[in-house]
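Undergrad: Have a look at this fold, sequence not included:
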């Protein structure tokens, strides 16, 4: 299992719109191959900064299957006008499950 | 509920040691006031980079209670020799629970 962490800085003033658009996009992720979970988290220290967490079965489910899909274009159409800068995307996998 | 995200870059070659030390530190977090979960995740793109995720009931449980505790000093003693740079810490809270 792979966790995609996308750090997304949005234009000041578009926070509520962005959150609404991400909620609207949830079905696109839900039907994506290998996609197991999706949630959006807002930064306390930088309120225009978010982390989108998406759980994928494999790295390729995100980087190949989803990114080449029509739903990826649809996702970007819903949210990209809110982006202040290009999102920074990284993938991680759990190595210590403390508790 | 608040999620602490600590981005930690470790010195090349110390990855396995760092992971072992974090596992050893789990009880320090488990007994911390308001601490609900802790896990360590390794980056796919940058294998010396980790994200430590810690769930806290409140921001102050981390920034006041934990950071002023003897267990925080103990935590740093266990892992800080592996740090390549100072960890970057941010707190987020969930605003959209997609699925």
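TA: Cool, got the structure. Here the structure is a predicted model, which means the values were calculated and not measured.

Undergrad: Please tell me how far the closest residue to residue A:34 other than its chain neighbours sits from residue B:6.
TA: With sequence-adjacent residues excluded and distances taken as CB to CB, 6 or more residues apart in numbering or on different chains, residue A:34 is closest to residue A:61, at 3.0 Å. Every residue, glycine included, has its C-beta placed from N, CA and C. Look at residue A:61 and residue B:6: by CB to CB, to the nearest Å, they are 27 Å apart.

Undergrad: Those two: which has the busier surroundings?
TA: Neighbour totals were compared for residue A:61 and residue B:6, and residue A:61 leads with 20 against 16 (other CB atoms under 10 Å in any protein chain shown).

Undergrad: Isn't that one up against residue A:32?
TA: Yes. Assessed by CB atoms under 8 Å, residue A:61 is found in contact with residue A:32 at 7.2 Å.

Undergrad: ok, back up a step: got a list of what the residue nearest to residue A:34 touches?
TA: A:2, A:32-35 (CB atoms under 8 Å, 6 or more residues apart in numbering or on different chains).

Undergrad: Using CSV, please lay out these together with secondary structure.
TA: Output for the contacts of residue A:61, formatted as CSV (DSSP: H, G, I helix; E, B strand; the rest coil):
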residue, secondary structure
A:2, strand
A:32, coil
A:33, coil
A:34, coil
A:35, strand
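
Undergrad: Filter these down to the buried ones and hand me the ChimeraX line.
TA: To isolate the buried subset of those in ChimeraX, counting by 16 or more other CB atoms under 10 Å in any protein chain shown, use the following:
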select /A:2,32,34,35
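
Undergrad: So which of the contacts of residue A:61 is the closest to chain B?
TA: residue A:2 (7.1 Å; CB to the nearest CB).

Undergrad: who does the longest helix that chain A contains touch, helix- and strand-wise?
TA: Ranked by number of residues, the top helix in chain A under DSSP state H is helix A:15-30. Applying 3 or more CB pairs under 8 Å, 6 or more residues apart in numbering or on different chains; DSSP states H and E, we find helix A:15-30 packed against strand A:35-43, strand A:49-56, helix A:70-79, strand B:88-97.

Undergrad: Give the buried residues for it.
TA: Buried residues in helix A:15-30, counted by 16+ other CB under 10 Å: A:15, A:18-19, A:21-22, A:25-26, A:28-29.

Undergrad: What distance do you get for the residue nearest the centre of chain A to chain B?
TA: The centroid of chain A falls nearest to residue A:52 when counting by CA atoms, centre = their mean (3.7 Å). Between residue A:52 and chain B the computed distance is 9 Å (CB to the nearest CB, to the nearest Å).

Undergrad: secondary structure element for the closest residue to that residue other than its chain neighbours?
TA: Nearest non-adjacent residue to residue A:52, counting by CB to CB, 6+ apart: residue A:6, 4.2 Å away. According to DSSP states H and E, residue A:6 maps onto strand A:2-9.
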